[in-house]
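**Student:** need a structure here:
(3 chains)
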Amino acid sequence: MSVFALVDCNNFYASCEKLFRPDLRHAPLIVLSNNDGCVVARSKEAKALGIKMGVPVHKIKAQIQQHGIQVFSSNYALYGDISHRVMQTLESLAPAVEVYSIDEAFLDLTGVANAVGLTEFGLHVRATVQQHVGMTVCVGIAPSKTLAKLANHAAKQYPATRGVVDLTDPARQKKLLSLMPVSEVWGVGRKLSERLNALGITTALQLAEQNPKDIRRRFSVVLERTVRELNGESCLPLEDITPTKQQILCSRSFGQRVTHYSDMHAAINSYVARAAEKLRHEQQHCQRLSVYIRTGLFNPNDPRYSNSASLRLDYPTDDTRVLLHAAGRLLQGIWKEGYRYAKAGITLSDFYDRGVTQPDLFIQPNSNPRSARLMHTLDCINQHQRGRVFFASQGTGNAWAMNRNYLSPSYTTHWQALPKVTSKKSSNQKRPFEI
DNA sequence: TCTGGGGTCCTAGGACCC
DNA sequence: TCTGGGGTCCTAGGACCC
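**Tutor:** As a prediction, this is how the structure comes out:
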């Protein structure tokens, strides 16, 4: 029988911010989405104050003032680095690890139960990550990924579990399933919950008791798998080899509304340059590019407009210049003067491995050998500090740049931002923090 | 005044093939 | 008068995830 563990960091972004600010250890703290728009992470103190996930920050200004809630912009350089450290620790503990997201991983524990108790193993994982990285994690253990997710949820919800729930026993599975609303099940979102509730299926157990074939007919093959997984039948294998990406997106909301074509053009070109950089990092070429722009969604007085356009390139490429040219043509086709634009983005798709190209009978592929060298040089120069070298069409203005007004230092990834350690003696000096 | 970003997978429907 | 069946490929859109 397979055994999976799901290891998930508690309040990940909020915990990362606290790592280097011991003075804020017990403070309510929230992290905002890009552009300082919504709340995307909350410390347990902030949760206790009733701050909801996803709420626009301007709607909770009074609470922030009243309770002295600490506010941070998203600092992905920091979160990415801490995540990497957590994953490295997990890889030292388990035979196979699937990094599922920035703050969680599945471990393959098949066979581990022969050597050591599963709960004991979970507690060891928890203690080791705490010691190595200072991050608190919860561990859910079960015969399928979907059940492991649910076990993890329980480990978070009930402190008496000490952060580890072993759900390999079918009787325990049944009990937990009966306590969980169906909306908590992995793969059951808002729409599916509504449809299931309408059929009288409100708990995870009720979903587990459905006939899989029936569910497939009325819903989809995806939900059928969920039903099977809830019954302990593993349908989703551990994917410990990261599959190649199928698309790369780069999109941003603007710090201020964009009204000039030149600003939009510069923004789009910057996104294209960033996406092309990611594409080369994946060692892929792409043949499809799409561009979209839109106005704000929430101001009833502003006229709304949104549009997108895409095209297929003559041959797959990873040359930023080719993509910039194509993006310019697409933007011209959808740009309309007179609107206040709030957001834009681009998508690269239709990927091919480098050198694996089906040539067209009539079109000569661009075999310019300088292209690859130029892009490689560009990436090398920008490796440690993004944007040292860039294309003129990305512009130098930042009229459209996103707001990040509460950004913490990149403690672990920039030399200049390393935390300072000061002695008590110099306590009359200004100390940002102590370690 | 102010509401995120980056992904995956599945399905339906149309165009096309013999 | 009566006008099939089986299949592929592509795209757009929707649902889900963190």
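**Student:** if I pick whichever residue of chain A sits closest to DNA strand C, what's in contact with it?
**Tutor:** Closest contact between chain A and DNA strand C, by C-beta to the nearest atom of the strand, is at residue A:189 (2.3 Å). All C-beta atoms are positioned from the backbone trio N, CA, C, and that covers glycine. By C-beta atoms under 8 Å, 6 or more residues apart in numbering, the residues touching residue A:189 are residue A:183.
**Student:** do the same with residue A:216
**Tutor:** Contacts of residue A:216 by C-beta under 8 Å, 6+ apart are A:223-224.
**Student:** Got the confidence number for it?
**Tutor:** On pLDDT, residue A:216 comes in at 89.
**Student:** Is it within a helix or a strand, and which one?
**Tutor:** helix A:212-218 (DSSP states H and E).
**Student:** Repeat that for residue A:188.
**Tutor:** Residue A:188 belongs to no helix or strand, assigned by DSSP H and E.
**Student:** Tell me if I'm right that residue A:193 and residue A:199 touch.
**Tutor:** No - proximity of residue A:193 to residue A:199 does not meet the contact threshold set by C-beta atoms under 8 Å, at 11.0 Å.
**Student:** of those two, who's got more company?
**Tutor:** residue A:193 (17 against 11; other C-beta atoms under 10 Å).
**Student:** How many residues are close by the closest residue in space to that one that isn't next to it in sequence?
**Tutor:** Of all residues not flanking residue A:193 in the chain, residue A:183 sits nearest, at 4.1 Å (C-beta to C-beta, 6 or more residues apart in numbering). Counted with other C-beta under 10 Å, residues neighbouring residue A:183 total 16.
**Student:** list the contacts for residue A:183?
**Tutor:** A:189-190, A:193.
**Student:** Would you tell me which one of those comes nearest to DNA strand B?
**Tutor:** Closest to DNA strand B, out of all of the contacts of residue A:183 and judged by C-beta to the nearest atom of the strand, is residue A:189, at 10.1 Å.
**Student:** Per-residue pLDDT of the closest one, please?
**Tutor:** For residue A:189, pLDDT reads 94.
**Student:** Over to the one 5 residues further on?
**Tutor:** As predicted, residue A:194 sits at a pLDDT of 94.
**Student:** is any part of the helix or strand harbouring it close to DNA strand B?
**Tutor:** Assigned by DSSP H and E, residue A:194 belongs to helix A:190-198. No - judged by C-beta under 7 Å from any atom of the strand, helix A:190-198 stays clear of DNA strand B, getting no closer than 12.4 Å.
**Student:** by contact count, what packs against the helix or strand just after that helix?
**Tutor:** Beyond helix A:190-198 on the C-terminal side, the first helix or strand identified by DSSP H and E is helix A:204-208. Judged by 3 or more C-beta pairs under 8 Å, 6 or more residues apart in numbering; DSSP states H and E, helix A:204-208 is in contact with helix A:170-179, helix A:221-230.
**Student:** mind running it again at 10 Å?
**Tutor:** helix A:145-157, helix A:170-179, helix A:190-198, helix A:221-230 (3 or more C-beta pairs under 10 Å, 6 or more residues apart in numbering; DSSP states H and E).
**Student:** highest average neighbour count across these?
**Tutor:** helix A:145-157 (a mean of 24; mean count of other C-beta atoms under 10 Å).
**Student:** Next, the angle helix A:221-230 makes with that helix.
**Tutor:** For helix A:145-157 against helix A:221-230, the angle between stretch directions is 60 degrees (axes from the mean of the first three to the mean of the last three C-alpha atoms, to 10 degrees).
**Student:** Mind checking if helix A:145-157 is in reach of DNA strand B?
**Tutor:** No - remark: helix A:145-157 sits outside contact range of DNA strand B, by C-beta under 7 Å from any atom of the strand, the gap being at least 13.3 Å.
**Student:** Each with direction, which strands does the very next helix or strand once past that helix pair with?
**Tutor:** Using DSSP H and E, the helix or strand that follows helix A:145-157 towards the C-terminus is strand A:164-166. Using DSSP bridges, the strands paired with strand A:164-166 in its sheet are strand A:137-142 (parallel).
**Student:** From DNA strand B, how far out is residue A:85?
**Tutor:** 20 Å (C-beta to the nearest atom of the strand, to the nearest Å).
**Student:** Does that residue touch residue A:92 like I think?
**Tutor:** No - counting by C-beta atoms under 10 Å, residue A:85 stays clear of residue A:92, with 11.1 Å between them.
**Student:** neighbours around the residue lying closest to residue A:374 once chain neighbours are set aside, how many?
**Tutor:** Nearest non-adjacent residue to residue A:374, counting by C-beta to C-beta, 6+ apart: residue A:319, 7.9 Å away. For residue A:319, the tally of surrounding residues (other C-beta under 10 Å) stands at 19.
**Student:** Residue A:322 too?
**Tutor:** 18.
**Student:** Give me the helices and strands touching the helix or strand hosting it, please.
**Tutor:** Assigning secondary structure by DSSP H and E places residue A:322 in helix A:320-334. Other elements packing on helix A:320-334 under the criterion 3+ C-beta pairs under 10 Å, 6+ apart are helix A:261-281, strand A:284-295, strand A:306-317, strand A:341-353, helix A:369-382.
**Student:** How far does it sit from its chain's centre?
**Tutor:** 27 Å (C-alpha atoms, centre = their mean, to the nearest Å).
**Student:** Is any residue of that helix near DNA strand B?
**Tutor:** No - shown here: helix A:320-334 not in contact with DNA strand B (C-beta under 7 Å from any atom of the strand), separated by at least 14.6 Å.
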